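>>> Any chance you can model this:
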Amino acid sequence: MSDQKTTDGTKVWFITGASRGFGRVWAEAALKRGDKVAATARKLESIAVLNEQFGDRVLTLELDVTNATQAKEAVEKAHAHFGRLDIVLNNAGYSLVGTIEEASADDVKAMYDTNVFGTLAVIQAALPLLREQGYGHILGTSSNLGHVTLPVIGYYASSKWAFEAIHESLSLEVKDFGIKVTIIEPGAYATEFGSQESLKFAPGMDVYNDFKANFFQRLQNLERGNPDATPQGLFAAVDAENPPLRLSLGSNNLAWVKGEYASRMAEWEAWEAVAVAAQG
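Purely as a prediction, here's the structure:
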C-alpha cells in the first residue's frame, strides 16, 4: 500500500497520556503544526479542551492503558476515524518512589502494568493496522534512566530498562514491514511528572529517612529543561527518512551516560580474566 501520509502533508498521531506533561505538550504541538491527533487519557474531561481548540483535527478518547481491551478499541477507533495512523506514541507512565526494600511487589507490578504492559497493549493493537498500511512509526517515551539508574526510583528505572529492550527488539522485528521505532529519552524537565498522578510513594521505613531526604534535596537542585523546547526535536525524528532508534532530549544526558558506560567497561575489563576462565 502506498504511503498515504504524503497525500496532504500531514501526519496522524495516536498519543497516550495526553492529559499532562510531554504527552500534552507534544499533542498540542502536533495539532498546531497542522497534524491530526487521537489524544487519549484515563479521564476524558482532562483533554476535552483540545476539542474546543482544534476541532475535527483531534479525536479525544478515554484510555486506561492497563486495560488491553480498551487499548485495542481506542487504537482501532482512531484508525477508523482518520483512515490511517502514521505515528503511535506511548507516553503514559508514572514513577514508583521508594527504596528496593520499601516497595511491595504489588506496587511494582502496578507500575509495570502501566509503564510496560500498557505500552505493549497499545503496540500489539497497532501493529496489525500498521502492517496492513505498509508503514508507521512507533515511538515510546522512556527516560535517560533507561540507561542509568538512581536510588529511591530504581523500580521506575527498571521499567525503563525493560522499555528500552522491548523497543530495540521490536525495531528489528518490524523493519521489514516498513515500520520504524524510536525511543524518546528525556532527561530532567520541568513537567508535571512530580504531580500526585505521576508519582506513587511506597510506605516508608524510618531507617531510610535520612538517605531519602538527602536524595530528594539533590533532585531539587537538578537543572530542568523546558518541555516546550522539545517538540522540534520530536518532529525532526518523525519527519526523518531514517529516524534514530534512540532520541535523547536534554543537554546533560550524554555526559552522564558516557560516564556510566565508561565505568562499566572498566569494571568488565578488570574482571575479564575471571570471565574468560569461566568459559571452560
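
>>> Which residues are in contact with residue 127?
174, 179 (Cβ atoms under 8 Å, 6 or more residues apart in numbering). In this view, the C-beta of every residue, glycine as well, is placed from N, C-alpha and C.

>>> Report the buried residues of the helix or strand hosting it.
Residue 127 belongs to helix 119-133 when assigned by DSSP states H and E. By 16 or more other Cβ atoms under 10 Å, the buried positions in helix 119-133 come out as 119, 120, 121, 122, 123, 125, 126, 127, 129, 130, 133.

>>> Quick check: the gap between the fifth one and residue 167.
Going from residue 123 to residue 167 by Cβ to Cβ, to the nearest Å gives 9 Å.

>>> cool, and the first one?
Distance, residue 119 to residue 167, using Cβ to Cβ: 9 Å.

>>> Which neighbours do those two have in common?
Common neighbours of residue 119 and residue 167, using Cβ under 8 Å, 6+ apart, are residue 140.

>>> pLDDT below threshold where in this protein?
Within the chain, the stretches with pLDDT under 70 are 1-8, 192-197.

>>> where do the helices sit along it?
21-32, 49-54, 68-82, 105-112, 119-133, 154-174, 209-220, 231-239, 253-270, 272-277 (DSSP state H).

>>> so how far is residue 142 from residue 190?
Taken as Cβ to Cβ, the span from residue 190 to residue 142 is 19 Å.

>>> can you check residue 114 too?
Residue 114 is 14 Å from residue 142, by Cβ to Cβ.

>>> go on, residue 25?
16 Å.

>>> So which of these two has more stuff around it?
residue 142 (27 against 21; other Cβ atoms under 10 Å).

>>> if I read this right, that one contacts residue 182, doesn't it?
No: applying Cβ atoms under 8 Å, one finds residue 142 not in contact with residue 182, separated by 10.0 Å.

>>> Please put the alpha-carbon coordinates of stretch 137-149 into CSV.
C-alpha atoms of stretch 137-149 as CSV (Å, rounded to 0.1, in the frame of the first residue of the first chain):
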residue,chain,number,x,y,z
HIS,A,137,6.3,4.9,13.3
ILE,A,138,6.1,3.6,16.8
LEU,A,139,7.5,6.0,19.5
GLY,A,140,7.8,5.5,23.2
THR,A,141,8.7,7.8,26.0
SER,A,142,11.5,6.2,28.0
SER,A,143,14.0,8.3,30.0
ASN,A,144,17.7,8.9,30.4
LEU,A,145,17.1,6.4,33.3
GLY,A,146,16.7,3.7,30.6
HIS,A,147,20.5,3.6,30.7
VAL,A,148,21.5,4.7,34.1
THR,A,149,19.8,4.5,37.5
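
>>> Would you point out which residue is most central in the chain?
Geometric centre of the chain, nearest residue: residue 141, 1.7 Å, by Cα atoms, centre = their mean.

>>> what's around the nearest residue to residue 11 once chain neighbours are set aside, how many residues?
Distances taken as Cβ to Cβ, 6 or more residues apart in numbering put residue 86 closest to residue 11, at 4.3 Å, once the chain neighbours are dropped. With neighbours defined by other Cβ under 10 Å, the count for residue 86 comes to 21.

>>> Surely residue 249 and residue 186 touch.
Yes: contact criterion Cβ under 8 Å: residue 249 and residue 186 qualify, at 4.4 Å.

>>> Could you name every residue contacting both of those two?
225, 230.
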